[in-house]
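Novice: Fold the stuff below for me.
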Amino acid sequence: MCDTLVALPEHTAGRATLFAKNSDRKAGECQPFVQYPAAAHAPGSRIRCTHVEIPQVAETYRVMGHSPWWVWGFEHGLNEHEVAIGNLTIFSRETIEAKPGLIGMDLVRLGLERGRTAREALEIIAGLIEVHGQGGPALAPGGTGYHNAFLLADPDEAWILETSNRRWAARRARLDACSNHISLGRDWAIASTDLESFARAEGWWERDGRIDVAAAYRNPHVDISEGRLRRTRELLRKHAGALDVARMQEILRDHGEGRAAWTPGSRPEEERHFTVCAHSDTLAWTTASLVAPLPVDRGRPWAVWISFGTPCSSVFLPVYLEGLIPPELARGGEKPEADSAWWTFEELRIAVAQDPPRWTPVVRAGWAPFEARIEDERAALEARVAATRDPDLRAALLSQFMARIAVETLEMCRELRAQIA
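Specialist: Below you'll find the model as predicted:
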């Protein structure tokens, strides 16, 4: 489960593209936020991804993103060229390949490391899918794999890409969202050459005219995302023209109309069981979130906001690819670690989940003044950094700020946890 949203500049308050995603995974699966530098690679180099080794390219770009502890790639992330990508599980009629291949998270990172624009990253991902497939465990080590959708954005455009094994289709997006089902109809703009012929051979598409991707490929027996996709698109339309970072964060924290907190007790057959801010005991919880403005003008430092665990119990922190991500944010493995941001927020999530209607408002009220102070400090810092042209000084100032607020955030998280009986 995941939900990913995009709004191009004409729909945002700051006239910059906004990208946002909730990564929904198995509860308790650590997902730190990691960073990799740009690099040059020797001819003939190869790179080991989660399950398979593939040829490396001559140059890879600086990237950062949330990565489940056992996975090579990212659930969502960004690169130095302001390309943002997130992946989502989708369910096709086609059985996933048994042969190991590239999983969706590998493809996110590969697209970011190799693509200078959203369109270029899309073509890279599509090409890799055609060559290597996308089989192998993706939900957990030794677990099952899945087909993937991707939302890709840069300052100028965005694309939705949906796949079924080695086949794919894509269209542009402007004010849109995607979730855990194939949603492309006849509106696709580009596709793999065998998209229609394979569907016809399988008996999934027998009509004349342009293929409807969802009608042909969507698995009709899996329905966990209709309500969430309708909800995210509804909220995007409602706030179109006024969308900003705070509003996108609010959408990622959504539990449905009129509900300030998750309400336990629903059943999987009920639509309210699957909310944008995921708390589904039977399937997945939100384990990491990201909101990223993608401005055309990079005169000021470029902040991206990240969250650990369910965003309703967490806080969004500004981070900068130009600086060094603090070790507390990048640390975390299979077992709890005291100095890991993800595991510290996991303790708070578990505590709030004892009684969400009671404790969610307490936690949100506790975070509010902290968020306001960090926002004031961020604005002052960015003004100072924008005034210097020394790249080393800029990076040092941003790194120092991130290191300090990481420590303060974990202290605040522990204080809030202590308030819950």
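
Novice: Quick check: end-to-end length of stretch 30-42?
Specialist: The separation between the terminal residues of stretch 30-42, taken as CA to CA, to the nearest Å, is 33 Å.

Novice: Not counting that stretch itself, show me its contacts.
Specialist: When contacts are defined by CB atoms under 8 Å, 6 or more residues apart in numbering, stretch 30-42 is touched by residues 23, 25, 56-69, 75, 80, 113, 287-288, 306, 308, 319, 321, 324-325, 329-334, 340-343, 346. For glycine as for every other residue, the C-beta is placed from the backbone atoms N, C-alpha and C.

Novice: Mark which of those residues are buried, thanks.
Specialist: The neighbour-count test (16 or more other CB atoms under 10 Å) applied to the contacts of stretch 30-42 identifies 23, 25, 56, 60-69, 75, 80, 113, 287-288, 306, 308, 319, 321, 324-325, 329-332, 340-343, 346 as buried.

Novice: Low-confidence bits of the stretch 301-421 of the chain, can you list those?
Specialist: Scanning the stretch 301-421 of the chain with the threshold set as pLDDT under 70 gives no residue ranges.

Novice: Contact partners for residue 190?
Specialist: For residue 190, the set of contacting residues under the criterion of CB under 8 Å, 6+ apart consists of 169, 170.

Novice: what pairs with it across the strands?
Specialist: On the basis of DSSP bridges, residue 190 takes part in beta bridges with residue 170.

Novice: From residue 269, how far out is it?
Specialist: In this structure, residue 190 and residue 269 are separated by 37 Å, where distance is defined by CB to CB, to the nearest Å.

Novice: Could you do residue 126 as well?
Specialist: Shown here: residue 126 relative to residue 269, a distance of 36 Å by CB to CB.

Novice: which residues of this structure fall in helices?
Specialist: Taking DSSP state H as the criterion, the chain contains helices spanning 104-114, 118-132, 195-202, 213-217, 226-238, 245-252, 327-330, 341-352, 356-386, 391-419.

Novice: can you list contacts of the fifth one?
Specialist: Counting by CB under 8 Å, 6+ apart, the neighbours of helix 226-238 from elsewhere in the structure are 3, 5, 7, 11, 175-181, 183, 243, 251, 254, 256, 271-272, 274-276.

Novice: circling back: quick one: which of the helices of the chain is nearest residue 17?
Specialist: Relative to residue 17, the nearest member of the helices of the chain by CB to CB is helix 118-132, separated by 9.4 Å.

Novice: Can you work out which other helices and strands pack against that closest one?
Specialist: Counting contacts by 3 or more CB pairs under 8 Å, 6 or more residues apart in numbering; DSSP states H and E, helix 118-132 is packed against helix 104-114, strand 147-153, strand 158-164, strand 167-173.

Novice: Just the CA atoms from that helix would do, formatted as PDB, please.
Specialist: Listed in PDB are the C-alpha atoms of helix 118-132, where the atom choice follows Å, rounded to 0.1, in the frame of the first residue of the first chain:
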ATOM      1  CA  ALA A 118      11.200  12.900 -15.000                       C
ATOM      2  CA  ARG A 119      10.800  11.700 -18.600                       C
ATOM      3  CA  GLU A 120      14.400  10.500 -18.800                       C
ATOM      4  CA  ALA A 121      14.000   8.600 -15.600                       C
ATOM      5  CA  LEU A 122      10.700   7.100 -16.900                       C
ATOM      6  CA  GLU A 123      12.500   5.800 -20.000                       C
ATOM      7  CA  ILE A 124      15.300   4.400 -17.900                       C
ATOM      8  CA  ILE A 125      13.000   2.500 -15.600                       C
ATOM      9  CA  ALA A 126      10.900   1.200 -18.500                       C
ATOM     10  CA  GLY A 127      14.000   0.000 -20.300                       C
ATOM     11  CA  LEU A 128      15.300  -1.700 -17.200                       C
ATOM     12  CA  ILE A 129      11.900  -3.500 -16.600                       C
ATOM     13  CA  GLU A 130      11.900  -4.800 -20.200                       C
ATOM     14  CA  VAL A 131      15.400  -6.200 -19.800                       C
ATOM     15  CA  HIS A 132      15.500  -7.400 -16.200                       C
END
